[in-house]
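Enquirer: One predicted model, sequence on top.
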Amino acid sequence: MSKKKEDEEKKKKLKKKEEINKILRAADSGKEIQLGMHTRDFSFLDGVEEKFAKDLQNPDESYRLYYSIRRLLMEYLPKGKENEKARKFIYEQKNIFLNRGKAKGPDGYRGSDGRQAYISSDLVVALEIVKDWIKSGANAFDVYKLFNEKNIELGYIDAKKQ
């Protein structure tokens, strides 16, 4: 690849990152959640880590955890049509994580189902990310970044290709 094409690719990637950052930051404007002042009670999830310390699949528990994560994200992410793009970026990062790096293909299908992810290594970790995010102020950019960094750390996403 020529130097000029490489520079164009880098500019394109940087522009996309800036667009994502702009959309996510705009989604949080006007939203106020004081740190440590969330009212969400997570006691319904107590004991999940110990109960499923081994990587198992349990359809009922996977279902419960997956939809708990989904419900929390829906509750705390910015609402409205104007924030739809921001939510899609976040949901895609979450789904890449839960599907162990399986992104949507060009046809729009992932070929994997995050609702049946492993409990201790995927669903519980995702739930912890979401709970910590809520406790730290529930900023849309932060949860995107947390899932994105986890995906990069696990090799699900190549940081150089972002």
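Expert: Perfect, thanks for sending it. Numbers count the residues shown, from 1 in each chain.
Enquirer: Low-confidence ranges, this structure, go.
Expert: In the predicted model of the chain, residues 1, 30-57 satisfy pLDDT under 70.
Enquirer: at 90 what do you get?
Expert: 1-62, 103-105, 108, 115-121, 159-162 (pLDDT under 90).
Enquirer: need the helices for it, in chain order.
Expert: For the chain, the helices defined by DSSP state H occupy 3-28, 48-51, 59-76, 84-98, 124-135, 140-153.
Enquirer: From the contact counts, what lies against the third one?
Expert: For helix 59-76, the elements it packs on are helix 48-51, helix 84-98, helix 124-135, judged by 3 or more Cβ pairs under 8 Å, 6 or more residues apart in numbering; DSSP states H and E. (C-beta placed from N, C-alpha, C; glycine too.)
Enquirer: which residues touch residue 28?
Expert: Residue 28 makes contact with 78, 139, 140, 141, according to Cβ atoms under 8 Å, 6 or more residues apart in numbering.
Enquirer: Tabulate those (a markdown table), appending neighbour count and distance to residue 133.
Expert: Compiled in a markdown table, those are given as follows (neighbours: other Cβ atoms under 10 Å; distance: Cβ to Cβ, whole Å):
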| residue | neighbour count | distance to residue 133 |
| --- | --- | --- |
| 78 | 20 | 13 |
| 139 | 19 | 8 |
| 140 | 25 | 9 |
| 141 | 19 | 10 |
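Enquirer: buried residues in stretch 119-128?
Expert: For stretch 119-128, the neighbour count (16 or more other Cβ atoms under 10 Å) marks 119, 120, 122, 123, 124, 125, 126, 127 as buried.
Enquirer: now do stretch 105-116
Expert: Here stretch 105-116 shows 110, 112, 114, 116 as buried, counting by 16+ other Cβ under 10 Å.
Enquirer: Please name the nearest non-neighbouring residue to the residue most central in space within the chain.
Expert: Against the mean C-alpha coordinate of the chain, by Cα atoms, centre = their mean, the closest residue is residue 94 at 3.0 Å. Spatial nearest neighbour of residue 94, excluding adjacent residues (Cβ to Cβ, 6 or more residues apart in numbering): residue 147 at 5.3 Å.
Enquirer: This completes my enquiry, with thanks.
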